[in-house]
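1. just a sequence and a predicted model for now, questions to come.
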Amino acid sequence: MSPSPFQPGDADQILDDFGEDLEITAAPTVKRGLLDDVVLEQETAGQTTQSQRLVLKVKRGAFAGLATVMGLTVSIPSRGVSYVIDQPLARPTSLFDFYVLQVKRA
């Protein structure tokens, strides 16, 4: 694995420029994040399927100290929608931690 070409402050600059305001009750210090669509592959019974999923990108280590992030509610006030963190995605050379989101049902 090659080292990241990014500098530590790059994540803050990217979030300032392109991030969306977030509200996460269990992590009040996490205030900005990026939303992006990714294609995930899953193999079931020998068949590979692909699905497009929404992911949240937050600064690497933003959830440090929390026992778990699965099930946390992520609200996006500008969109008027809330999501639940479903699972983490490994991206070792990224400035960000990635989490698959699901729309929160009422």
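-> Looks like it arrived, so ask away.

2. what is the mean pLDDT for the helix or strand hosting Ile85?
-> Using DSSP states H and E, Ile85 falls within strand 81-89. Average pLDDT, strand 81-89: 94.

3. what is the worst-scoring helix or strand of the chain on mean pLDDT packed up against?
-> Of all helical and strand segments in the chain, the minimum by mean pLDDT, DSSP states H and E falls on strand 32-44, at a mean of 89. In terms of contacts (3 or more CB pairs under 8 Å, 6 or more residues apart in numbering; DSSP states H and E), strand 32-44 is packed against helix 10-18, strand 20-21, strand 47-59, strand 96-103. Heads up, the C-betas are built off the backbone N, CA and C, glycines and all.

4. about what we covered before: can you name the residues in contact with the strand holding Ile85?
-> Here strand 81-89 makes contact (CB atoms under 8 Å, 6 or more residues apart in numbering) with 38, 40, 54-56, 69-76, 97-104.

5. give me the buried subset of these.
-> Buried members of those, counted by 16 or more other CB atoms under 10 Å: 55-56, 69, 72, 74, 76, 97-101.

6. which residues touch Met70?
-> 85-87.

7. buried ones among those?
-> Looks like these have 85-86 buried, using 16+ other CB under 10 Å.
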